[in-house]
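*Asks:* Quick one, fold the following:
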Amino acid sequence: MKYINFAIVRFSICLAGGILAAHFFSVSYFTLNLYIATLLGVLILWIIAKRHLIQYIYFGIAVYISFFVLGYLIYQLRTPEFQPTHYLHFASKDSDDLIKIKIIQSIKPDNFNSKYFAEVQSVNDKASRGTILLNVRKDSLERKYASDNILLVSTRIHNTPKPLNPHEFDYGNYLKTLDIHGQIRLSDTYVIATQTGNQTLFGFAQNLRSKAVSKLQLTKLSTDERAIIQALVLGEKRDISKELYDEYAAAGAVHILAVSGLHVSIIYFIISFLLKPLKRWKYGALLSFILVTVLLWAFALLTGLSPSVSRAVTMFSFFAFANIVNRRTNSINTLFLSFFTLLIYNPLLLFQVGFQLSYLAVLFILWLHPLISKFTYSSNKFIRNIKEIIGVSASAQLGVLPLSLYYFNLFPGLFLLTNIVILPVLSIFMIGGIIIVVLAFFEILPDWIVISYNLIIEWLNSFIRWVSLQDQFIFKDIHYSTLKTIATYLLIIAIIIHLRKREFRRLLFVLTTIIVLLVAFIYDDYRTSKNELIVFNRSRHTLIGHKNGKKLAVYKWDSSQFLANSYPVKSYKTKTAINAKMYSENKLPNLFRYNSSYVLVLDSLGVYPRMKKIETLLLTSSPKVNLNRLIDSLQPKQIVADGSNYPSYVKRWKQSCESKKLPFHYTMEKGAFFIE
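*Replies:* Numbering: from 1, shown residues only. Prediction:
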């Protein structure tokens, strides 16, 4: 094996550790200054230590601490609290602001809004900075905004959305990993002025991609097939239907839809092959390196600089540079060097799912695949190639498996079959897609190429659809907690270490991690067995969930619709390890008792029994009642209104509760309500 510089690995781990510590433990300005002083102290120590031939252990510890502190600092300095000019410091809480923003890129819209990432330039004529989410309401007069457009708007800055149900996807937290801490909502009436700003390199790339997409839309490509080409070549996934995406996920081929290291490696080898004649010249190797690097980063810009693409392009750039300077290196060195570089540039990347999965997949390919190859070597070239694909796929899948179960609760059992069929021809799909995009862009695309390529992608989609229909091999709704994920990675790492060099102490490590994993499963089973009664939040619906140990009963008014696989029940079931046999749906009673407390559910009829001491009053379906009189009659301790009520009714009820100093909870604002 080539030389591995373990210092790079250790420095990267210390840097990541500091970023994680800063993420979970916030600091004050005093603590931040203390960390800066520590970093300066270590720097002075390093300058002094350079004069000594033999270094002491204290110096090594100080170096590792310095990288940990560095990670802490670069994360904290990215937070709005430590940025005096961040827009959150100038935003008004109770009135509209005059905000100047510059469009960065458009993202996938929802049913009601077009969405953009935008850079704030000023708030109420005060120079500001920071990225914000822009929601533009869809209507007949909606205007499409392009990258680098500047808008002057009058609106209010809102907080990023919070999940309104337990175990729901936290979109607000996801936005924070993108350094987005606020959002604005507007229609065209809120836009005071627009203009075209100075064009940036990223904006030029995004506009070029949008133009390429619009050109593809004019071709005879079918909708799904065009969406696949856009994803493969341009990294544009907005036109992929949910059904098609779910089929690729179930078949274990969703990595094809996201431009990643696999796609970048194909582009790298295509460019290297085309530039190979340059190496015959005196400075041809240097020129080839420059061109390869520039073209790879141009491709990364065109596809939106996703974490997986940034990782791959950075890694290939270092790899190409090492070849130029004839520096002895190892792929793991290059991987961790790119990891270190990207985290220095943007520490928030560490919390993005794509970044985590991308690095884990490549790390396990580089670490585990050589070990698999030793035991699976064949003299037959065809069999050797098949084993190579299986080995690479299995290594990558093992590397991302625990994290995939944690995030997506899904395991595609036929992922090896999918990769064996698709990976050998993926380069053909990529080359054909690039040709089609280029010819379509210049409007010289012949119909026969479109028809031929459309048939190929149709075959690909048909194969993926067939694999996704093999339900017996697709394991869904798998509960996997953080503790299980960490314990599983410890076990996998311990087994690989033992297989690389079989020793008793390494075997002991494997046995220890097995015990840790068993403890994680036992503790997680205990943790998810607690009892609770929840008023879920769902627009125009009333849902109450009663969890009793490993059983979940959902109560509702409508008995015709089965909600086990619908929002918000599905995510709650999965995260609390409720299986189908332990789930039931029932008619919602108007009055029931829970933990010696009475809960009265008042529907649109407004009929209620004459009784005293109602602990919880749940208002549903906008009942037409005099709430003040109802409170005097029933004397509830708290009032809850769910998402099935009219907002105007809720506003009136809230005022009544405030006047009587009675706790009031509206699920559309505060989220699901847990009844004690």
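
*Asks:* residue contacts, the closest residue to residue 180 other than its chain neighbours?
*Replies:* Take residue 180 and drop its neighbours on the chain: the residue closest to it by C-beta to C-beta, 6 or more residues apart in numbering is residue 131, 5.0 Å away. For every residue, glycine as well, the C-beta is placed using N, CA and C. Contact analysis of residue 131 by C-beta atoms under 8 Å, 6 or more residues apart in numbering lists 104, 117-120, 178-180.

*Asks:* Go again with 7 Å.
*Replies:* 104, 117, 119, 179-180 (C-beta atoms under 7 Å, 6 or more residues apart in numbering).

*Asks:* One more: residue 239?
*Replies:* 226-227, 230.

*Asks:* 6 Å instead, please
*Replies:* Taking C-beta atoms under 6 Å, 6 or more residues apart in numbering as the contact definition, residue 239 lies against residue 227.

*Asks:* just the one 10 residues further on next, same as before
*Replies:* Shown here is residue 249, which makes no contacts under the criterion C-beta under 6 Å, 6+ apart.

*Asks:* buried ones in the helix or strand where it lies?
*Replies:* Assigned by DSSP states H and E, residue 249 belongs to helix 242-250. For helix 242-250, the neighbour count (16 or more other C-beta atoms under 10 Å) marks 244, 247-250 as buried.

*Asks:* before we move on, what about stretch 153-167?
*Replies:* Taking 16+ other C-beta under 10 Å as the basis for neighbour counts, the residues of stretch 153-167 that come out buried are 153, 155-157, 160, 163-166.

*Asks:* now it, how far from the chain's geometric center?
*Replies:* For stretch 153-167, the separation from the chain centroid amounts to 18 Å (computed by C-alpha atoms, centre = their mean, to the nearest Å).

*Asks:* circling back to that earlier point, would you mind measuring from the residue nearest to residue 180 to residue 24?
*Replies:* According to C-beta to C-beta, to the nearest Å, residue 131 and residue 24 sit 23 Å apart.

*Asks:* same deal with residue 283?
*Replies:* Distance check for residue 283 against residue 24: by C-beta to C-beta, it reads 50 Å.

*Asks:* If you count surrounding residues, which of the two has more?
*Replies:* More crowded of residue 283 and residue 24, by other C-beta atoms under 10 Å: residue 283, with 10 against 7.

*Asks:* ok, back up a step: quick one: which of the buried residues of stretch 153-167 is nearest to residue 442?
*Replies:* In terms of C-beta to C-beta, no member of the buried residues of stretch 153-167 lies closer to residue 442 than residue 153, at 36.7 Å.

*Asks:* can you give me the mean pLDDT across the host helix or strand of that closest one?
*Replies:* Residue 153 is located in strand 149-155, with elements delineated by DSSP H and E. Averaging pLDDT along strand 149-155 gives 92.

*Asks:* swap in stretch 20-34?
*Replies:* For stretch 20-34, mean pLDDT is 71.

*Asks:* Buried residues, stretch 81-94. List them.
*Replies:* Across stretch 81-94, burial judged by 16+ other C-beta under 10 Å covers 86-88, 90-91.

*Asks:* do the same with stretch 529-547
*Replies:* 533-538, 541-547.

*Asks:* Can I get those residues in JSON lines including distance to residue 370, secondary structure and pLDDT?
*Replies:* Written out in JSON lines, the entries for the buried residues of stretch 529-547 read as follows (distance: C-beta to C-beta, whole Å; DSSP: H, G, I helix; E, B strand; the rest coil; pLDDT from 0 to 100):
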{"residue": "533", "distance to residue 370": "54", "secondary structure": "strand", "pLDDT": "93"}
{"residue": "534", "distance to residue 370": "50", "secondary structure": "strand", "pLDDT": "95"}
{"residue": "535", "distance to residue 370": "54", "secondary structure": "strand", "pLDDT": "95"}
{"residue": "536", "distance to residue 370": "50", "secondary structure": "coil", "pLDDT": "95"}
{"residue": "537", "distance to residue 370": "51", "secondary structure": "coil", "pLDDT": "95"}
{"residue": "538", "distance to residue 370": "51", "secondary structure": "coil", "pLDDT": "92"}
{"residue": "541", "distance to residue 370": "54", "secondary structure": "coil", "pLDDT": "90"}
{"residue": "542", "distance to residue 370": "58", "secondary structure": "coil", "pLDDT": "93"}
{"residue": "543", "distance to residue 370": "52", "secondary structure": "strand", "pLDDT": "94"}
{"residue": "544", "distance to residue 370": "55", "secondary structure": "strand", "pLDDT": "94"}
{"residue": "545", "distance to residue 370": "49", "secondary structure": "strand", "pLDDT": "94"}
{"residue": "546", "distance to residue 370": "53", "secondary structure": "strand", "pLDDT": "94"}
{"residue": "547", "distance to residue 370": "47", "secondary structure": "strand", "pLDDT": "94"}
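
*Asks:* Output these in TSV, with distance to residue 290 appended to each entry.
*Replies:* Written out in TSV, the entries for the buried residues of stretch 529-547 read as follows (distance: C-beta to C-beta, whole Å):
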residue	distance to residue 290
533	65
534	59
535	62
536	57
537	55
538	56
541	59
542	64
543	60
544	64
545	60
546	65
547	61
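
*Asks:* Among these, which one lies nearest to residue 384?
*Replies:* residue 547 (52.5 Å).

*Asks:* ok, that closest one touching residue 532?
*Replies:* Yes: the pair formed by residue 547 and residue 532 meets the contact definition of C-beta atoms under 6 Å, at 5.1 Å.

*Asks:* I'd like the average pLDDT over the helix or strand that the helix holding residue 249 is followed by.
*Replies:* Of the helices and strands lying after helix 242-250 in sequence (DSSP H and E), the nearest is helix 254-257. Predicted confidence along helix 254-257 averages 81 (mean pLDDT).

*Asks:* Name the helix or strand for residue 652, please.
*Replies:* helix 647-659.

*Asks:* who's in contact with that helix?
*Replies:* With contacts defined as C-beta under 6 Å, 6+ apart, helix 647-659 is touched by 622, 627-628, 639, 641, 664, 666.

*Asks:* from the residues you listed, which two are the most distant?
*Replies:* Across the contacts of helix 647-659, the two members that end up farthest from each other (C-beta to C-beta) are 628 and 666, 17.7 Å apart.

*Asks:* any idea where the strands of the stretch 501-650 of the chain begin and end?
*Replies:* Across the stretch 501-650 of the chain, reading from the start of the chain, the strands by DSSP state E, counting those that start in this stretch fall at 532-535, 543-548, 551-556, 583-587, 591-594, 597-602, 616-619, 638-641.

*Asks:* tell me what the first one is packed against?
*Replies:* So that's strand 532-535. Packed against strand 532-535 by the contact rule (3 or more C-beta pairs under 6 Å, 6 or more residues apart in numbering; DSSP states H and E) you find strand 543-548, strand 673-675.

*Asks:* before we move on, back to that, compare neighbour counts for residue 628 and residue 666 and give me the winner.
*Replies:* With neighbours defined as other C-beta under 10 Å, residue 628 and residue 666 compare such that residue 666 has more, 21 against 13.

*Asks:* Please give me every residue in contact with the nearest residue to the more buried one once chain neighbours are set aside.
*Replies:* Nearest residue to residue 666 in three dimensions, chain neighbours excluded: residue 641, at 4.9 Å (C-beta to C-beta, 6+ apart). For residue 641, the residues meeting the contact criterion (C-beta under 6 Å, 6+ apart) are 619, 650, 666.

*Asks:* mind running it again at 10 Å?
*Replies:* Shown here is residue 641, whose contacts under the criterion C-beta atoms under 10 Å, 6 or more residues apart in numbering are 535, 602, 617-620, 622-623, 647, 649-650, 653-654, 657, 664-669, 673.
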